[in-house]
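Chemist: just to be clear, the model below is a prediction. Sequence and coordinates:
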Amino acid sequence: MSSVSNAAKPVDLDKPKAKNKKRSQWAEVWRRLKKNKMAMVGLAIIGAIVFCAIFADVIADYDSVVIKQNLKARMEGPSAEHILGTDEFGRDIFARMVHGARVSLQVGLIAVGLAIGIGGSLGAIAGYYGGRLDNIIMRCMDVFLAIPSILLAIAIVSALGPSLFNLMLAIGISSVPSYARIVRASVLSIRDQEFIEAARAIGANDFRIITKHIIPNALAPVIVQATLGVAGAILSTAGLSFIGMGIQPPAPEWGAMLSGGRQYLRYAAHITAFPGVAIMITILALNLLGDGLRDALDPRLKS
Amino acid sequence: MLKYIGRRLLMLIPVLLGVTFIVFSIMYMTPGDPAQLILGESAPPEAVAELRADMGLDDPFIVQYGRFVKNAVQGDFGKSYTTKRDVFSEIFARFPNTLKLAGVGVALAIAIGIPVGIISATRQYSVLDNVSMIGALLGVSMPNFWLGLMLILFFSVNLGVLPSSGSGTFLHIILPAITLGTGSAAIITRMTRSSMLEVIRQDFIRTARAKGVAEKKVINKHALKNALIPVITVIGLQFGYLLGGAVLTETVFSWPGVGRLLVEAIRAKDTPTVLASVVFMATTFSFVNLLVDVLYAYVDPRIKSQYQ
């Protein structure tokens, strides 16, 4: 008789314990990451770049320094006034590079965010429900993977027109399949475990199971892939802008700056060299961080 | 084994159809009127309307797509909007150049990547290992078009040793191939190293050493064969990356390949050429992956035994 009133209230057993467990889990990951010196170097570099991106307007005003042409001071080498010299239109290269960081990070983060949102959802649905739905979704992903991602991005941008938004869309869409695969693999690995069955037994619906149990499990490989994905997105952005398919001039973008300096390679190599170094350092830092995260999150290394 | 190949070939058909559907749909969304583009700004509206009807541009999407596939299978990809020439023959003329570049790039990447990866693994934490890993990290982080420009600066402008554009002689392919292959070489190096490290730790290697097998034989005969299996898959995937990267490399070095054709076609809004180029490269990539999968099945005894 009394069991009726007891059964009406599902006991939420996982809240307080999970919070403690989660906090120490992430703290443990952070501790392991800190031990990896190269990953910390990468993190520091990224921090500096993010700083530049956020405070770009403070470091160099957009209208007067970044896009205003000064044809009297064209292609000057590094000097006290212009730390990295001027480009083919007389604009300060350092200022343009700082603003370029903002563009690159924007595209990188939003494109990857888009890819995780769409790809992750598709992967979770495919892995969780299995069967024909899984088959259909994964066949679609295979078709997308048959097209080299740069080409897919180029096709999308060429159809929709070059702009910041279309660039994010194009790179994001071309990255969807890898996140779908990762999330699906994670889902498959824990879908049949007992605690999922237990959660269902006490009445949790599918949505709750997916969001509370399955997604936290998939987080680790997605984070690693996302870090490397931002690096790839920044490279793609630079590449697309290099061939004129990206951000349109006079907006500063590292790849576009490289393209602009190409014809003056013989006389003013610094216009091409410096933005390229910026790209390389950014990608390097992201790779170091990504590798470090992968090692820190690797369950096999848990002692 | 033939059954496996046959089945994989059959599975390729819906994938290729899907690829044509996706790329066609994307290009279908291009704004602008192709008929107007061909005839020019000052053409009378009646002529434009007539050309539209002729080209079938007023038909529903599915009809246009069906027509595209039907023609494509017969090798007809239409005529370029800009040069008015047959698109297929244009691509076909340039395709060997891109294949040559990608081929040499991959060969270079393998020739450097695998040996360095093996040596790094067998001498873990040595100076050589550290230098290789730093080099690999740099190789992965460098934008390949920037590397190309820096190579041109160093070897063509300053040293005058290698040509910076065009094709034809052996010298012409060196810089583009290095540019294209560096990223892949870095990835293959890292993959080989980590795969070797994993294999070396396994019990059967310990057994071989305990049996007294010479170290060189242990590495070359026992460890290598097993370690290279996942590397093969990576190489296949790298080929796709190379086909995409060829677009940028061909632009930097003015290499007469499909990549450069694609870039020019995009600038000129020449949709049939863009469409056909992307489909071409995706198809090539699919076939390369098929080859890699067959090779993988042939080399990995676990899979081979399933089909015998």
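Modeler: That came through fine.

Chemist: can you map out the helices along the stretch 51-200 of chain A?
Modeler: Per DSSP state H, counting those that start in this stretch, the stretch 51-200 of chain A carries helices over the ranges A:56-59, A:93-129, A:131-146, A:149-160, A:164-191, A:194-201.

Chemist: so which of these is the most packed in?
Modeler: Ranked by mean neighbour count under mean count of other Cβ atoms under 10 Å in any protein chain shown, the helices of the stretch 51-200 of chain A are led by helix A:149-160, which reaches a mean of 25. Heads up, the C-betas are built off the backbone N, CA and C, glycines and all.

Chemist: does chain B sit close to that one?
Modeler: Yes: shown here: helix A:149-160 in contact with chain B (Cβ under 8 Å from any Cβ of the partner chain) through A:149, A:150, A:151, A:152, A:154, A:155, A:156, A:158, A:159, A:160.

Chemist: before we move on, back to that, reformat the helices of the stretch 51-200 of chain A as TSV; add distance to residue B:271 and mean pLDDT.
Modeler: Shown next, in TSV, are the helices of the stretch 51-200 of chain A (distance: least, Cβ to Cβ, whole Å; pLDDT from 0 to 100):
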stretch	distance to residue B:271	mean pLDDT
helix A:56-59	37	79
helix A:93-129	25	90
helix A:131-146	21	90
helix A:149-160	8	89
helix A:164-191	17	89
helix A:194-201	49	76
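
Chemist: which of those sits closest to residue B:151?
Modeler: helix A:149-160 (20.4 Å; Cβ to Cβ).

Chemist: contact residues of the stretch 51-200 of chain A facing chain B?
Modeler: Near chain B, when you scan the stretch 51-200 of chain A using Cβ under 8 Å from any Cβ, you find A:139-140, A:142-144, A:146-152, A:154-156, A:158-161.

Chemist: and residue A:62, how far from chain B?
Modeler: 25 Å (Cβ to the nearest Cβ, to the nearest Å).

Chemist: pull the contacting residues for the residue nearest to that residue when sequence neighbours are not counted.
Modeler: Take residue A:62 and drop its neighbours on the chain: the residue closest to it by Cβ to Cβ, 6 or more residues apart in numbering or on different chains is residue A:99, 6.6 Å away. By Cβ atoms under 8 Å, 6 or more residues apart in numbering or on different chains, the residues touching residue A:99 are A:56, A:60, A:62, A:66, A:252.

Chemist: so who does the first one touch?
Modeler: In this case it means residue A:56. Going by Cβ under 8 Å, 6+ apart, the list of residues near residue A:56 reads A:62, A:98, A:99, A:101, A:102.

Chemist: widest-spaced pair of those?
Modeler: A:62 and A:101 (13.3 Å).

Chemist: end-to-end on stretch A:60-69?
Modeler: 14 Å (Cα to Cα, to the nearest Å).

Chemist: where's the residue nearest the centre of chain A relative to chain B, distance?
Modeler: With distances taken as Cα atoms, centre = their mean, residue A:230 lies nearest the centre of chain A, 2.9 Å away. Note on residue A:230: its distance to chain B, by Cβ to the nearest Cβ, is 13 Å.

Chemist: let me see the contact set for the residue of the stretch 151-300 of chain B found nearest chain A.
Modeler: Using Cβ to the nearest Cβ, the single residue of the stretch 151-300 of chain B nearest to chain A is residue B:244, 3.5 Å away. Each residue near residue B:244 by Cβ under 8 Å, 6+ apart is listed here: A:148, A:149, A:150, A:151, B:281.

Chemist: buried set for the helix or strand in which it is found?
Modeler: Take DSSP states H and E as the rule and residue B:244 turns out to sit in helix B:224-253. Neighbour counts over helix B:224-253 (16 or more other Cβ atoms under 10 Å in any protein chain shown) mark B:224, B:226-231, B:234-253 as buried.

Chemist: swap in stretch B:102-119?
Modeler: B:102, B:104-106, B:108-110, B:112-114, B:116-119.

Chemist: ok, and what's touching the strand or helix carrying residue B:261?
Modeler: Secondary structure assignment for residue B:261, by DSSP H and E: helix B:258-267. For helix B:258-267, the surrounding residues in contact (Cβ under 8 Å, 6+ apart) are A:151, A:154, A:158, A:243-245, B:80, B:82, B:90-91, B:94-95, B:97-98, B:246-251, B:254, B:270-271, B:273-274, B:277-278, B:280-281.

Chemist: how about the strand or helix carrying residue B:181: buried residues?
Modeler: In this structure, residue B:181 sits in helix B:170-200 according to DSSP H and E. Buried residues in helix B:170-200, counted by 16+ other Cβ under 10 Å: B:172-197, B:199-200.

Chemist: low-confidence regions, chain B specifically.
Modeler: Applying pLDDT under 70 to chain B flags the ranges B:164, B:167-168, B:307-308.

Chemist: just the helices in it please.
Modeler: B:2-28, B:34-39, B:45-55, B:61-73, B:87-122, B:127-141, B:144-151, B:170-200, B:203-210, B:215-217, B:224-253, B:258-267, B:271-299, B:301-304 (DSSP state H).

Chemist: other SSEs contacting the last one?
Modeler: The elements that helix B:301-304 packs onto, with contact taken as 3 or more Cβ pairs under 8 Å, 6 or more residues apart in numbering or on different chains; DSSP states H and E, are helix B:271-299.

Chemist: list the buried residues in the helix it packs on.
Modeler: By 16+ other Cβ under 10 Å, the buried positions in helix B:271-299 come out as B:271-286, B:288-290, B:292-293, B:296-297.

Chemist: for residue A:138, give me its contacts.
Modeler: With Cβ under 8 Å, 6+ apart, residue A:138 has these contacts: A:126, A:180, A:184.

Chemist: for the stretch 51-200 of chain B, give the residue positioned nearest to chain A.
Modeler: For the stretch 51-200 of chain B, Cβ to the nearest Cβ, closest residue to chain A: residue B:146, 3.5 Å.

Chemist: state the distance from that residue to residue A:232.
Modeler: Residue B:146 sits 15 Å away from residue A:232, going by Cβ to Cβ, to the nearest Å.

Chemist: picking up where we left off before, so which of the contacts of residue A:138 would you say is closest to chain B?
Modeler: residue A:180 (15.0 Å).
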